[in-house]
Structures are given as C-alpha cells and as structure tokens.
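*Asks:* sequence and predicted model, in that order:
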Amino acid sequence: MINKEVKNVQEALAGVKDGMTLMLGGFGLCGIPENAIAELVRLGVKDLTCISNNAGVDDFGLGLLLQNRQIKKMISSYVGENDEFERQMLSGELEVELTPQGTLAEKCRAAQAGFPAFYTPAGYGTEVAEGKETREFNGKMYVLEPAFKAEYAFVKAWKGDAAGNLIFKGTSRNFNPNMCGAATITVAEVEELVPVGELDPNQIHIPGIFVQRIFQGEKYEKRIEQRTVRSRS
C-alpha cells in the first residue's frame with residue numbers, strides 16, 4: 001500500500017508556484033481547505049487562477065488571498081458574501097469567469113474522469129456560450145465545455161487514511177469529491193487521519209487513487225456564513 005501521508009501543510013504544498021491554476025473545494029465556507037489556504041497566504045504566491053464555487057468572505061477562506069492580491073483570476077459560479085471579490089471584479093482588478101454551478105461541477109468531474117470536454121444545455125443563448133462550439137442533439141442545443149486543467153487541487157475531508165481514501169461529512173461533500181483527481185496533484189487535508197484498514201470500505205467516498213498527498217489538518221474554525229436563529233418567544 002502506497003503511503004500518501006505527509007508531515008504537515010508545508011510539505012503538502014511543496015511545489016506550488018506563482019501563476020499556477022488551483023482548484024479549491026468547498027461551498028461558501030462549508031468544507032473549505034482552511035489549512036491549505038492559510039499556507040498559500042503565508043507563501044505569498046501570486047498571479048493565481050483559482051477554481052472554486054465562490055471566494056469565501058472578506059476575512060476568511062479565499063477572501064484572504066483576494067485581500068493580498070494573490071489571485072489574478074477567479075473561475076466560480078457565485079460572487080457570494082465577499083465584498084472585496086465584488087469590488088475587484090467590478091473595478092477590473094480581478095479577472096472573473098462566472099460559470100453555471102452545475103457546469104463548474106461537471107468541468108471538475110470531467111477532468112477527474114479523463115474526459116477532455118462535454119456538451120451541456122446550460123448557458124446556450126447567453127454570454128456563457130460566446131465563442132464556444134454549439135451542437136444540436138435531439139432538437140435541443142448544447143454548448144461544448146472543456147474540462148478544467150489545474151496543477152493542484154486542495155480538498156477537505158472529514159476522515160481519511162494514509163492511502164488517501166476519503167470520507168466527507170454532510171454538506172462538505174460538495175465540490176470536494178469532484179475535484180479529487182481533477183488536477184495533476186490532489187492534496188487532501190482531513191480532520192482525522194487514521195491507519196490504513198480502519199475505514200469501512202463501504203463508507204469511502206473517494207478512493208486513494210485520486211489523492212497524491214494527505215495530511216492531518218488542525219485548528220478548524222468552520223465559520224458560519226449566514227447565521228439565522230429563531231427569536232425566543
């Protein structure tokens with residue numbers, strides 16, 4: 001059994017350089033690779049292209065990279081609750097490629113599966129389809145979307161083992177599974193890292209073949225993006 005475990009986040013991000021394209025899992029602030037993002041901030045790498053559903057909030061998640069002007073381009077489906085993301089996009093400081101959410105997920109999954117492209121009806125007749133090949137199937141028009149190409153994918157799982165097998169918990173099973181294996185190197189940070197053989201094979205969501213590096217994360221904040229509570233009666 002190949003041991004994919006690395007000592008820490010510094011070793012996990014070895015090789016990350018300026019100008020790279022990175023995938024980062026998560027939805028809002030749920031299931032984001034907090035340790036990897038913090039290390040990207042510390043490294044100070046810049047001119048990054050980041051593929052992620054959104055960019056966190058102003059002072060957390062990918063919002064930290066935006067604050068430091070480390071991101072050159074965001075490929076996402078949602079500006080979200082990040083005022084700085086919106087400001088940089090509207091001012092032209094940040095290149096933004098807005099992509100329908102389902103298409104974003106499928107572009108990750110296609111890269112994971114080794115498909116170079118796929119047809120989707122989403123976006124036909126809109127700006128999304130400009131400059132792209134279109135084709136009719138059974139009387140309906142479709143847009144050809146290329147799979148993503150990225151050097152690194154950073155994902156966060158609940159539990160994993162030294163072979164890279166991963167289990168996601170709850171809503172963190174969002175873009176994370178599709179990004180595993182969709183880049184040249186997939187780095188998984190987990191809340192609990194266990195020995196090989198301890199995970200129930202029937203519960204594993206992503207097999208270790210899709211992961212190159214795995215490490216035990218720490219100090220997860222798990223912030224809530226929008227807290228809604230019922231008033232006491």
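*Replies:* Received it, and whenever you're ready, just let me know what you need. Numbering: from 1, shown residues only.

*Asks:* for the lowest-mean-pLDDT helix or strand in the chain, packing partners?
*Replies:* The weakest-scoring helix or strand in the chain, judged by mean pLDDT, DSSP states H and E, is helix 83-91 (a mean of 92). Helices and strands touching helix 83-91, by 3 or more CB pairs under 8 Å, 6 or more residues apart in numbering; DSSP states H and E, are helix 63-67. Glycine gets a C-beta too; all of them are placed from N, C-alpha and C.

*Asks:* CA atoms of the longest helix along the chain as CSV?
*Replies:* Scanning the chain for the longest helix, with DSSP state H as the assignment, gives helix 101-113. Listed next in CSV are the C-alpha coordinates belonging to helix 101-113 (Å, rounded to 0.1, in the frame of the first residue of the first chain):
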residue,chain,number,x,y,z
GLN,A,101,-22.8,25.9,-10.9
GLY,A,102,-23.6,22.6,-12.5
THR,A,103,-21.2,23.2,-15.3
LEU,A,104,-18.5,24.1,-12.9
ALA,A,105,-19.0,20.8,-11.0
GLU,A,106,-19.1,18.9,-14.3
LYS,A,107,-15.9,20.5,-15.6
CYS,A,108,-14.2,19.2,-12.5
ARG,A,109,-15.7,15.8,-12.8
ALA,A,110,-14.8,15.5,-16.5
ALA,A,111,-11.2,16.3,-15.6
GLN,A,112,-11.3,13.7,-12.9
ALA,A,113,-12.7,11.1,-15.3
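
*Asks:* could you pull out the buried residues of it?
*Replies:* Residues of helix 101-113 classed as buried by neighbour count (16 or more other CB atoms under 10 Å): Gln101, Thr103, Leu104, Ala105, Glu106, Lys107, Cys108, Arg109, Ala110, Ala111, Gln112.

*Asks:* what residues sit buried inside the least confident helix or strand of the chain?
*Replies:* Glu84, Phe85, Glu86, Gln88, Met89.

*Asks:* next structured bit after the longest helix of the chain?
*Replies:* Using DSSP states H and E, the helix or strand that follows helix 101-113 in sequence is strand 117-120.

*Asks:* what lies in contact with that next one?
*Replies:* 100, 102-103, 106, 110, 135, 137, 142-147 (CB atoms under 8 Å, 6 or more residues apart in numbering).

*Asks:* ok, and what's touching stretch 189-197?
*Replies:* Under CB under 8 Å, 6+ apart, the answer for stretch 189-197 is 1, 5, 9, 12, 33-36, 154-163, 165-166, 214-217, 220.

*Asks:* I'd like the average pLDDT over it.
*Replies:* Averaged across stretch 189-197, the pLDDT comes to 96.

*Asks:* next one: stretch 204-217
*Replies:* Averaged across stretch 204-217, pLDDT comes to 98.

*Asks:* tell me how far the ends of that stretch are from each other?
*Replies:* For stretch 204-217, the first-to-last residue distance is 19 Å (CA to CA, to the nearest Å).

*Asks:* contact partners of that stretch?
*Replies:* By CB under 8 Å, 6+ apart, stretch 204-217 touches 2, 4-9, 11-12, 33-35, 112, 156-157, 160-168, 173, 177, 180-181, 185-193.

*Asks:* now the buried members of these.
*Replies:* 4-6, 9, 12, 33-35, 112, 156-157, 160-168, 173, 177, 180-181, 185-191, 193.

*Asks:* point out the ones among those that are inside strands.
*Replies:* The strands, defined by DSSP state E, take in 156-157, 160-161, 166-167, 185-191, 193 from those.
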